[in-house]
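1. A predicted structure for the sequence below; I have some questions about it.
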Amino acid sequence: METIDLKKEFKHLYQPSPKEVVLVEVPEMNFLMVDGKGDPNSSQEYAEAVEVLFQVSYALKFKVKKGLLAIDYGVMPLEGLWWAEDMSVFTAGDKSNWLWTMMIMQPKFVTSEMVEWAIQEVKKKKNPAAISKLRFEAYAEGKAAQIMHIGPFSEEGPTVEKVHQFIDAIGERRGNHHEIYLTDIRKADPAKWKTVIRQPFI
């Protein structure tokens, strides 16, 4: 059985240094995605989105491992694109009106047919509330600036500002604020949480 390490393969995208902002070119990759709105700390919609993303991602992993392709790989971390219709609300931290797309990257050999199979399997066994909202889509982010934030989400402000200052010196921000959650926050000390902060630009 072949084993692949996607985090290692894409180390420059998923393990940046916390010391300085770096420029990266993010290629087109395929994701399971769920869109929604509301405060991630209290929204039932958000919790349901995260749940179904992991359920389908693990169904795919085991399907691939147990015979379809005989390849073993680790499920990739949760990622989020964040914005608001009125960005002044977003920067002010009014999370009730935040819009988001939560997503998990899938290996390039995962096809839409495989995703549909996994969705039906999860639907049959657990029928999670957000299963109908799930989609499989390519996302090409292109040129972006990123850095690793160490600590709780509530203290991201200065790290985000550092990324914005880096971009403002050489270009113009575009697209959505992007975060990649590398830590299981149910188990780890908030002071040690690792979050990739990324912002595309032109």
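-> Looks like it came in fine. What you see is a predicted model, and the numbers here were worked out from it, not measured in a lab.
2. Any chance of the backbone angles for P40?
-> The phi and psi values for P40, taken as degrees, to the nearest 10, are phi -60, psi -20.
3. ok, how many other residues are close to it?
-> 18 (other CB atoms under 10 Å). Glycine gets a C-beta too; all of them are placed from N, C-alpha and C.
4. close enough to count as contact, it and K95?
-> Yes - with contacts counted by CB atoms under 8 Å, P40 reaches K95, the gap being 7.0 Å.
5. Where does H12 sit, in terms of helix or strand?
-> helix 11-14 (DSSP states H and E).
6. So for that helix, mean pLDDT?
-> Average pLDDT, helix 11-14: 96.
7. swap in stretch 117-125?
-> Confidence for stretch 117-125, expressed as mean pLDDT, is 96.
8. Let the chain start at 508 from now.
-> With the count now opening at 508, the last piece we talked about shows up as stretch 624-632.
9. May I see the buried residues of it?
-> Residues of stretch 624-632 classed as buried by neighbour count (16 or more other CB atoms under 10 Å): 625-626, 628-630.
10. Repeat that for stretch 513-531.
-> Buried residues in stretch 513-531, counted by 16+ other CB under 10 Å: 513, 517, 520-521, 523, 528, 531.
11. Spit out the contact partners of Y580.
-> Contacts for Y580 were tallied using CB atoms under 8 Å, 6 or more residues apart in numbering; they are 510-513, 568, 571-572, 614.
12. Would you point out the most distant pair within the buried residues of stretch 513-531?
-> L513 and V528 (23.5 Å; CB to CB).
13. After the helix or strand of the chain with the lowest mean pLDDT, heading C-terminal, what element do we hit next?
-> Least confident helix or strand of the chain, by mean pLDDT, DSSP states H and E, is helix 594-599 with a mean of 65. Of the helices and strands lying after helix 594-599 in sequence (DSSP H and E), the nearest is strand 606-613.
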